[in-house]
Structures are given as structure tokens and as C-alpha cells.
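**Q** With the sequence up front, the predicted model follows.
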Amino acid sequence: MIENEWHRQWRELENSGAEELFFNLVHPNTLDTFKGKDVLDAGCGQGKNSRIIARVAGQLTAFDLNTADLAADRLAPYENVDVFQGDVSDVALNREFDIVLCIGVIMCTKDPRKAFLNLAGLVKPGGRFIIHVYAGEISPFIRYVFDPLRKILIGIPFLKRNMHFVSRLATLICSPVFHAAHKLKIRSGLWGYMAFLGSLPFSGKVDHVYDKINPNTVRYISKEEIKTWCREAGFEIKSMNNYHNVAWCVTMVRR
């Protein structure tokens with residue numbers, strides 16, 4: 001079951017480098033961006049990003065389809081946080097937020113446009129919508145090597161049931177490359193992301209590898225698609241950063 005898969009990942013594996021990665025993905029936003037704000041973390045997973053935001057937010061609401069209970073447990077120390085179970089594609093709330101954040105989730109839905117527009121509708125006029133999605137302009141290695149191999153792996157029932165073992169094996173095989181990129185201090189392109197992985201302990205590497213391999217649905221979204229969705233939803237793009245030729249990190253403001 002999907003719920004057990006993601007529960008096991010976030011229960012057993014280490015979220016090393018979570019804060020560094022978070023601020024890379026939401027750049028140019030900083031912790032001050034969230035200070036005193038009413039924030040929605042859509043598709044919060046086990047709450048690693050929520051824990052960063054909760055330190056300064058006025059109020060934080062977080063939800064996830066598969067692991068809301070894990071997030072609720074880990075966010076329990078924060079009195080300014082509410083957690084519930086919900087789907088980014090159809091969650092309906094009777095309020096709007098200063099900031100809606102959705103990191104690494106929209107592209108894993110069956111209809112990314114629907115999910116985008118649904119979340120966009122939860123942003124106050126003048127508020128921010130911050131997203132991270134896998135880029136349609138991905139590197140040839142990801143398009144022609146990694147993604148076809150990923151689809152083969154998750155399509156084999158035995159391997160899908162044992163994805164934690166597969167992820168550990170893949171990490172073990174790739175670790176020398178990660179460490180070499182880190183040692184060479186490569187900072188750009190796909191190699192820059194590999195260098196980041198090289199800085200993590202083994203369990204942290206496995207966490208990232210598992211996260212990339214395991215989703216049943218992954219859609220790579222182009223820059224032009226994002227621009228079209230923004231216009232449709234009535235948003236102005238304030239920043240659009242290509243993260244290591246892997247993803248688009250976008251901050252928009254509702255008109």
C-alpha cells in the first residue's frame with residue numbers, strides 16, 4: 001500500500017540536509033518571508049518543511065494524503081500548527097492564506113494542472129504561491145536513462161514491494177559518483193545536485209533516491225506550462241529558478 005511505503009520511508013530514513021534543501025528550493029524566499037504569516041503547506045509529507053516554517057509562522061496549516069498522522073506527531077510541539085489529511089487536487093477550505101507552499105507534489109498527481117489551480121485558489125490576493133516541480137526541460141540523462149529505468153523498476157511487483165532495498169542498492173552503486181561530485185565542489189547542473197547528495201550520510205542519500213524512484217506517477221512540467229497556469233489563475237511570477245536542471249522552483253503573487 002502507498003501509505004505503508006511512505007510511512008516506512010519517513011520513519012526509517014534520515015532527512016539530512018532538509019533545511020539547506022528547503023531554502024534552495026524556495027529561494028529567493030527566506031525564513032523572514034514566512035514570519036508571522038498564515039501559511040499552508042500542501043502535501044507536507046512527514047512535516048520536514050513544516051517544522052522549519054512553524055518556528056516563525058503566525059499560523060501553519062499542513063496536510064498530506066498519505067502521512068498526515070506522521071506529520072501531526074512530529075509537529076505536535078508547535079501550538080501554531082494544524083494538520084489534517086487531504087489531497088492537493090481537491091482539498092477544499094473555507095479560507096485563504098498569505099502563503100501556499102507545495103514542494104515536490106504537484107508533478108506526482110494524475111492532473112498537475114488541476115492540482116495547481118486548486119491550490120492557487122487558496123492564496124489571498126497579494127499572497128504568495130511557492131511551488132517546486134520537476135522540469136520538463138530535464139537533462140537527457142534523466143529523460144532517456146533514469147526515468148525509463150524507474151518505470152521498469154516500479155512496474156515489477158516484486159521490486160515495487162521491496163523498493164527500500166532497491167533504493168539502498170541504487171544508492172550504494174551511485175555513492176562513489178555522489179562523493180566525487182561533492183569532493184570536486186561542483187555546484188551547477190545535475191552534477192550540482194549529485195554533489196549535494198554526496199554531502200549527506202548514507203541514510204540521507206537513500207531518502208532522496210527513494211523519493212525519486214518510488215512515485216507511481218511523475219509528470220515533468222515545462223516552463224511554458226507553468227507560465228500558462230499562472231496566467232489562468234491570475235498570478236504574476238516573481239521568480240523562476242531552474243534547480244540543477246532537474247526542477248522549476250517558482251514564486252508567484254496573486255493579483
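**A** Yes, it's here. All of these numbers come straight from a predicted model, not from anything done at the bench.

**Q** only C-alpha atoms for contact and neighbour calcs from this point on.
**A** OK.

**Q** The closest residue to Ile103 other than its chain neighbours - how many residues pack around it?
**A** Excluding the flanking residues, the one nearest Ile103 by C-alpha to C-alpha, 6 or more residues apart in numbering is His132, at 4.7 Å. Residues contacting His132 under the criterion other C-alpha atoms under 10 Å number 23.

**Q** show me what contacts His132?
**A** With contacts taken as C-alpha atoms under 8 Å, 6 or more residues apart in numbering, His132 has the following neighbours: Leu25, Val26, Cys102, Ile103, Gly104, Val105, Ala247, Trp248, Cys249, Val250.

**Q** can you rerun that using 10 Å?
**A** Residues in contact with His132 (C-alpha atoms under 10 Å, 6 or more residues apart in numbering) are 25-26, 101-107, 240-243, 247-251.

**Q** Sort out for me which of those are in strands.
**A** Filtering these for membership in strands, criterion DSSP state E, returns Leu101, Cys102, Ile103, Met240, Asn241, Asn242, Tyr243, Ala247, Trp248, Cys249, Val250, Thr251.

**Q** I'd guessed the first one sits against Gly43; true?
**A** Yes - between Leu101 and Gly43 a contact is recorded at 8.7 Å, counting by C-alpha atoms under 10 Å.

**Q** intersection of neighbour lists for these two?
**A** Contact criterion C-alpha under 10 Å, 6+ apart; residues shared by Leu101 and Gly43: Ala62.

**Q** what residue ranges in the chain score low on pLDDT?
**A** 1-5, 8, 10-16 (pLDDT under 70).

**Q** All the helices of it, in order from the start?
**A** 2-12, 18-26, 48-54, 68-74, 112-120, 140-141, 147-154, 157-161, 163-183, 189-198, 202-213, 223-233 (DSSP state H).
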